[in-house]
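# Here is a sequence together with a model predicted from it:
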Amino acid sequence: MTTTTLAVLVPLLPFLGAVAGLLLGRTAPGLVRPLAVLPVLASLVLAVTVAVDQGGGRAVDTHTELTPTGSVPIELGLHIDGFAALVAVLVGVVATCVQIYSTGYLHDDPRYPSYAALVSLFTSAMLLVVYSGDLMVLLVGWEIMGICSYFLVGHYWETPEARAASLKAFLVTKLGDVPFLIGLFALATDAGSFRITTVLGTVASGGLHHPTVVALLLLAGVAGKSALFPLHTWLPDAMAGPTPVSALIHAATMVAAGVYFVARLLPVFQASAAAMVVLAVMAGVTMVGSGLAALAQDDIKRVLAYSTIGQLGYMAGALAVGDRGAAVFHLLAHGAFKALLFLAAGVIIHATGTNSLAAMSRMKDLRVRVPDAFWTMTVALLALAAIPPFSGFFSKEAVLGAAEHVATGHTEQAPGAAGWIVLVTGLVTAVLTAAYATRLWLLAFRGHGADAPDHGRQPVTMTAVLWVLAVPSIVFGLAFGPLSDWFDGRDLTPVLTTSVLGTGLALVGGIVTYGAWRHTTALVSRVPLGAVAAHPDADAGHVEAEAIAAHEPVFGDVAHAPDPADPGRLLLGPLHRHAAVGFHLDAVYSALFVRPVQAGASLVRFLDREVVDTYVRGAGALPRWLGTAVRRAQTGNVQTYVSALLAGTVVLVVAALLVATGA
């Protein structure tokens with residue numbers, strides 16, 4: 001088969017698997033797991049074959065008109081360059097691992113058939129986005145992912161958290177999709193086509209009439225889908241869904257789609273210096289804000305969620321300085337170690353029996369009870385913290401190096417201001433990332449929390465996947481040399497200056513966090529249990545000082561106290577309570593959007609009930625009153641009728657005489 005035929009089958013096979021799974025889920029339950037795993041696995045094999053055939057060389061570009069429109073044509077086309085080929089492989093790897101992992105994680109879940117089908121559909125939609133050569137077809141995959149995320153995040157719909165999270169994810173992403181759609185239409189109007197190659201050709205020839213407006217409209221949709229500031233608030237709440245879904249959303253689909261879209265259409269954004277600076281600001285705020293928020297979370301999945309937001313900030317930062325090679329390189333490396341982090345967290349949750357025990361302050365001796373999760377998560381956290389030689393070091397340094405080149409004027413592919421914003425915030429985020437990664441490792445595997453129930457060894461389908469993903473988390477970054485051919489010849493070699501700065505700052509963040517943890521642990525051993533429980537928002541040193549001043553007895557059993565030895569409280573100080581709730585951004589949105597909409601809805605309801613309904617009721621009351629009057633005249637008594645007839649006759653005669661006399 002030709003490369004084009006194989007590429008068509010890559011998104012088609014998971015789609016067919018999803019349809020078959022939904023149709024046969026009830027009638028043939030024994031086929032559900034094979035239908036979940038095999039089509040996605042076959043799609044991965046074909047994606048690898050397409051990538052090998054493409055080889056980082058000339059893009060595979062084919063198209064056919066989908067339907068005549070009379071104006072701008074919509075075409076079913078493929079455009080597979082080195083970026084698309086590698087991202088498709090990432091999607092296939094993560095989706096296959098998630099489907100295999102889910103057979104054990106959701107083994108006894110009665111809704112597993114629909115879950116597995118939706119995961120396959122999710123995968124198919126992302127692959128359609130990756131391979132599509134037409135913006136309207138890309139939009140189809142873009143929107144299918146949105147509805148799949150709604151259903152998957154709300155998988156545990158019995159819980160109010162899951163219902164609220166799924167609705168929030170859907171609405172926030174749709175908030176960005178409205179201007180995104182307008183931007184696509186504006187872009188296609190200028191280019192005369194939705195085909196990506198035609199759009200890029202129009203940009204190259206200067207045919208884009210309003211580049212800033214178009215770029216900003218598109219960035220709104222990207223911010224929603226890829227959870228960039230200010231539309232990132234849905235992602236931490238999406239942790240209410242099953243952990244494998246979190247791995248899929250955070251590593252290879254949904255949030256990766258926005259970054260990939262900007263990488264695919266980067267010249268559109270480069271046509272506007274203002275849009276590049278806006279993207280840089282979005283990336284910088286996203287990186288630093290999410291790093292601070294991650295340092296204040298107690299739930300392990302929310303830490304990883306904010307971590308994803310921060311890493312997406314790095315990718316957006318690379319795009320803001322015009323280096324899509326660095327952005328996609330970090331996207332690929334991040335996909336491996338972030339999927340590993342979530343799936344390892346799922347092993348921990350599965351071992352303790354419930355999502356509610358994902359609070360790190362309640363974890364104890366997990367390095368002994370779940371050794372597979374301990375070792376593989378350690379690898380993934382080192383990659384996340386960008387410690388050499390793990391993959392995250394090389395991909396993150398590619399981003400920082402690109403920002404340094406733009407900031408110092410070595411390249412003019414983006415405004416210098418964008419370079420400085422990304423460089424400074426990226427280095428600050430390097431400290432924060434290492435800090436919350438170290439904190440997570442210490443609290444999860446060396447914590448002194450309560451003893452959680454032990455549910456025995458985990459299924460091999462779950463633990464084997466961890467070791468599979470550990471391999472690229474360790475070695476993928478070393479491929480920065482060969483990968484340059486796949487990324488338009490971009491040099492991905494780490495820059496000495498940013499490598500030393502970034503690694504040094506990461507080590508500082510890790511060491512300081514470890515020191516804070518040792519300090520708080522030592523203090524907690526001398527703090528009264530009652531004092532800690534009475535001051536859940538204070539750090540251990542503050543609690544100890546108040547306890548000593550009150551002459552309270554000191555003893556050390558504080559296993560059930562809230563966060564007794566959390567170094568995040570000590571490091572953040574008074575900022576902790578604000579960071580723990582995402583700097584109150586949800587409250588701001590509630591005040592700016594939710595409450596006004598609710599107030600408007602209440603006003604409309606009042607007007608409808610008290611004004612419109614009054615007219616409707618009045619219009620019905622008048623005929624009813626007339627009918628009542630007429631009904632009373634119809635008594636059925638003949639004497640009454642004759643009397644009325646005579647009276648009427650007399651009235652008419654008198655009236656006639658009066659008229660005649662007057663005449």
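Thanks, I have the structure now. Residues are numbered from 1 along each chain as shown.
# What's the separation between Thr497 and Asp488?
Distance, Thr497 to Asp488, using C-beta to C-beta, to the nearest Å: 24 Å. Just so you know, the C-beta spots here come from the backbone N, C-alpha and C atoms, and that holds for glycine as well.
# so which strand or helix has the most centrally placed residue in the chain?
Residue closest to the mean C-alpha point of the chain, counted by C-alpha atoms, centre = their mean, is Leu235 at 4.4 Å. Assigned by DSSP states H and E, Leu235 belongs to helix 234-237.
# tell me the contacts of Ala402?
By C-beta atoms under 8 Å, 6 or more residues apart in numbering, the contact set of Ala402 is 318, 321-323, 326.
# Am I right that it is in a helix?
Yes - counting by DSSP: H, G, I helix; E, B strand; the rest coil, Ala402 is found in a helix.
# For it, which non-adjacent residue is spatially closest?
Distance criterion C-beta to C-beta, 6 or more residues apart in numbering; nearest residue to Ala402, sequence neighbours excluded, is Asp323 at 3.7 Å.
# Let me know the secondary structure of Gly322.
Assigned with three-state DSSP, Gly322 falls in the coil class.
# Skipping adjacent residues, who's closest to it in space?
Gln413 (3.4 Å).
# measure that neighbour to Val321 for me?
Applying C-beta to C-beta to Gln413 and Val321 gives a distance of 7 Å.
# Tell me which of the two has more neighbours.
Val321 (32 against 15; other C-beta atoms under 10 Å).
# follow-up on the earlier one: tell me, what's touching Gln413 and Val321 both at once?
Val406.
# so which strand or helix has Leu78?
Per DSSP H and E: strand 74-80 holds Leu78.
# I'd like the average pLDDT over stretch 80-99.
In this model, stretch 80-99 carries a mean pLDDT of 95.
# How far away from the center of its chain is that stretch?
18 Å (C-alpha atoms, centre = their mean, to the nearest Å).
# what about Val659, how many neighbours?
Neighbour tally, Val659, other C-beta under 10 Å: 9.
# meant to ask about Thr2, not that
10.
# For it, give me the pLDDT.
84.
# Just list the residues touching it, thanks.
Contacts of Thr2 (C-beta under 8 Å, 6+ apart): none.
# Tell me the spacing between it and Gly57.
Applying C-beta to C-beta to Thr2 and Gly57 gives a distance of 16 Å.
# swap in Ala601?
56 Å.
# Ser114 too?
For Ser114, the distance to Gly57 - C-beta to C-beta - is 41 Å.
# hmm, back to that, and the contacts of Ala402 as JSON lines, adding distance to Pro39?
Listed next are these as JSON lines, based on distance: C-beta to C-beta, whole Å:
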{"residue": "Ala318", "distance to Pro39": "33"}
{"residue": "Val321", "distance to Pro39": "39"}
{"residue": "Gly322", "distance to Pro39": "38"}
{"residue": "Asp323", "distance to Pro39": "35"}
{"residue": "Ala326", "distance to Pro39": "33"}
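# Heading C-terminal from the helix holding Leu235, find the next helix or strand.
helix 243-251.
# by how many degrees do the next helix or strand after that next one and helix 243-251 diverge?
From helix 243-251 onward toward the C-terminus, using DSSP H and E, the following helix or strand is helix 255-264. Interaxial angle of helix 255-264 relative to helix 243-251 (axes from the mean of the first three to the mean of the last three C-alpha atoms, to 10 degrees): 20 degrees.
# now helix 255-264: mean pLDDT?
95.
# which residues of the stretch 301-450 of the chain score low on pLDDT?
Across the stretch 301-450 of the chain, the ranges flagged by pLDDT under 70 are 353-358, 364-365, 448-450.
# Can you show me the helices along it?
For the stretch 301-450 of the chain, the helices defined by DSSP state H, counting those that start in this stretch cover 324-352, 366-369, 371-384, 391-407, 416-445.
# Mind listing what's buried along the longest one?
If you call a residue buried by 16 or more other C-beta atoms under 10 Å, then helix 416-445 has these buried ones: 417-423, 425-445.
# Likewise for the third one?
By neighbour count, and taking 16+ other C-beta under 10 Å as the criterion, the buried residues in helix 371-384 are 372-374, 376-384.
# who does that helix touch, helix- and strand-wise?
helix 324-352, helix 366-369, helix 391-407, helix 416-445, helix 460-475 (3 or more C-beta pairs under 8 Å, 6 or more residues apart in numbering; DSSP states H and E).
# how about those in TSV, adding distance to Gln99?
Listed next are those as TSV, based on distance: least, C-beta to C-beta, whole Å:
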stretch	distance to Gln99
helix 324-352	12
helix 366-369	26
helix 391-407	23
helix 416-445	26
helix 460-475	10
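# Looking at those, which is nearest to Thr628?
helix 324-352 (69.8 Å; C-beta to C-beta).
# Now do the closest one: which elements does it pack against?
By 3+ C-beta pairs under 8 Å, 6+ apart, helix 324-352 packs against helix 82-105, helix 243-251, helix 255-264, helix 300-320, helix 366-369, helix 371-384, helix 391-407, helix 460-475.
# Hey, what's the angle from the first one to strand 74-80? Just curious.
What that stands for is helix 82-105. Using the same axes, to 10 degrees: helix 82-105 against strand 74-80 is 90 degrees.
# more neighbours, Ser114 and Gly57?
Ser114 (19 against 11).
# can I assume the more buried one is in contact with Gly25?
Yes - if you go by C-beta atoms under 8 Å, Ser114 and Gly25 touch, sitting 6.6 Å apart.
# which residues does Asp488 contact?
82, 324-325.
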